[in-house]
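Undergrad: here's my sequence, what's the structure:
(one chain, ligands or ions: 1)
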Amino acid sequence: MDDRQDWEQQRAWVEIDLSALTHNVRQIHSLLAPTTAIMAVVKADAYGHGAIEIARTVIAAGVKWLAVATVNEGIELRSAGIVAPILILGAINTDAQVQAIVNWDLHPTICSIAQATVISKAAASLDPHPDLHVHLKLDTGMSRLGTDWQQAVDFYREVIALPYLQIASLYSHLATADELDPTVMEMQIDRFDRSIAAIGAAGYVLPLLHLANSAGLLVSDRLHYQLVRPGLILYGLCPAPHLHSAIDLQPVLSVRARITQVKDICAGTGVSYGYRFIAERDMQIAIVEIGYADGIPRRLSDRMQAIVRGQLVSQIGAITMDRIVLDVSQIPELQVGEIVTILGADGNVSISADEWATTLGTIAWEILCGFKHRLPRVSK
Ligand SMILES: Cc1ncc(COP(=O)(O)O)c(C=O)c1O
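TA: Sure, this is the predicted structure:
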């Protein structure tokens, strides 16, 4: 560890529990038939967990495929020496992207015939001409990337006829798998299955098929096909309360920070910008070196707790860019340098990204992705 990291760790850091990650991969594997492989979704720096180390750990635990959103995310993994196949989930439209895909042995998603034509032409202009492993995306109801499922056979036929493209998989993405009402999900499964049947009936040998994100994977093995694409459950969070009993998960990420000052304030004292908190009694407060620039949403001001010495304490006043203030009146003789748990467990108490998401009316995915810029990561 260099000096800068060492210094930074005096302040605040993200802890990554790699044994929890391995546990989660094992749990996912236990739900799958031996013929179904995992494609670990490690986009957005592995949902804020650090893509390289997460990728290495899941591969060591038996994961065969990786998925990222952008070409740069794929290059980052390849540069780190990762050799597993990597699917780019986002659209590829430029010659420069195709060149990078060839150079770095990445697998593009193809969303339309027009895009397939661009990619094939770009491949033709390269010397030597590469054979690109491409993955066709069908829109079965998400109304995002992909060709409409009703055109599946034409899409397949036209792509397969283009030079330099080998179809490695056919996939789609679910819009509502984490919701209690299965109607839309059933519609999407039905459309995906009908597309597969139509392509098969047209005489084509089917490539790998995949549909399930975390929630889809947990709902039913009907959605597993040859590949599943979990993201959130790898990181130990469940996509919906009604799916909790389907899998035993351990959270991978914790966030911790140190106390840099402890002080007493009198009743009537205002705290932090805007004085949105005024002490109603004499209090002991702790200043903690982590703020919204590190990934704590500012909208949690006065609405979050932290854990100090295994006890829940309230955050007070506006969350600022680099620090927060805690009401630690109930904790005697608190020392500068003591560790505060912002997310994760300390003793028998824990705070999860789900709790923050509920408070803010958002989703755990967004909370996790917030912790990707400034905080150093420490693995254990
Ligand atoms: C195409 C695709 N597949 C799979 C996933 C993984 O989703 P989840 O984190 O819900 O498992 C994502 C995430 O957004 C995605 O975009």
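Undergrad: so what pLDDT did the closest residue to the ligand within the stretch 251-380 of the chain get?
TA: Closest residue of the stretch 251-380 of the chain to the ligand, CB to the nearest ligand atom: Trp365 (6.1 Å). For every residue, glycine as well, the C-beta is placed using N, CA and C. Reported pLDDT at Trp365 in the predicted model: 96.
Undergrad: and it, helix, strand or coil?
TA: For Trp365, the assignment made with DSSP: H, G, I helix; E, B strand; the rest coil gives helix.
Undergrad: what sits against it?
TA: Neighbouring residues of Trp365 by CB atoms under 8 Å, 6 or more residues apart in numbering: 47, 231-232.
Undergrad: and the strands in the stretch 1-150 of the chain, which stretches?
TA: Taking DSSP state E, counting those that start in this stretch to define them, one finds strands in the stretch 1-150 of the chain at 12-16, 37-41, 65-68, 86-91, 107-110, 132-139, 147-148.
Undergrad: sheet-wise, list the partners of the second one with their directions.
TA: The reference is to strand 37-41. Applying DSSP bridges, strand 37-41 is found paired with strand 65-68 (parallel), strand 227-228 (parallel).
Undergrad: the last one too?
TA: Here strand 147-148 is paired, per DSSP bridges, with strand 132-139 (parallel).
Undergrad: now do the partner strand against strand 86-91, angle only.
TA: Orientation check (axes from the mean of the first three to the mean of the last three CA atoms, to 10 degrees): strand 132-139 against strand 86-91 gives 50 degrees.
Undergrad: ok so, going back, scan the contacts of Trp365 and report the most crowded one.
TA: Greatest neighbour count in the contacts of Trp365, by other CB atoms under 10 Å, goes to Tyr47: 28 neighbours.
Undergrad: show me what contacts it?
TA: Applying CB under 8 Å, 6+ apart to Tyr47 gives the contacts 231-232, 235, 365, 368-369.
Undergrad: kindly report the same for Phe371.
TA: 14, 48, 253, 255, 294-295.
Undergrad: can you check Asp282 too?
TA: Asp282 sits next to 264-267 when contact means CB under 8 Å, 6+ apart.
Undergrad: neighbours of the residue in the stretch 1-150 of the chain that the ligand sits nearest to, how many?
TA: Nearest to the ligand in the stretch 1-150 of the chain, going by CB to the nearest ligand atom, is Val41, at a distance of 4.1 Å. Residues contacting Val41 under the criterion other CB under 10 Å number 25.
Undergrad: from memory it sits against Val228, does it?
TA: No. Counting by CB atoms under 8 Å, Val41 sits too far from Val228 to count as a contact (9.9 Å).
Undergrad: any idea how far the closest residue to the ligand within the stretch 201-350 of the chain lies from Asp264?
TA: Proximity of the stretch 201-350 of the chain to the ligand (CB to the nearest ligand atom) peaks at Gly231, 2.5 Å away. As judged by CB to CB, to the nearest Å, Gly231 and Asp264 stand 45 Å apart.
Undergrad: how about the contacts made by the nearest residue to His29 once chain neighbours are set aside?
TA: Nearest residue to His29, sequence neighbours excluded (CB to CB, 6 or more residues apart in numbering): Gly62, at 6.2 Å. With contacts defined as CB under 8 Å, 6+ apart, the neighbours of Gly62 are 25, 29, 38.
Undergrad: what's the neighbour count on the closest residue in space to the last one that isn't next to it in sequence?
TA: Excluding its sequence neighbours, the residue lying closest to Ile38 (CB to CB, 6+ apart) is Val63, at 4.6 Å. Using other CB under 10 Å, Val63 has 22 neighbouring residues.
Undergrad: reformat the strands paired with strand 37-41 as a markdown table; add mean neighbour count and mean pLDDT.
TA: What follows is the strands paired with strand 37-41, written out as a markdown table (neighbours: other CB atoms under 10 Å; pLDDT from 0 to 100):
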| stretch | mean neighbour count | mean pLDDT |
| --- | --- | --- |
| strand 65-68 | 25 | 98 |
| strand 227-228 | 24 | 98 |
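Undergrad: any idea which residue is closest to the centre of the protein?
TA: In the chain, the centroid-proximal residue (CA atoms, centre = their mean) is Tyr47; its distance is 3.0 Å.
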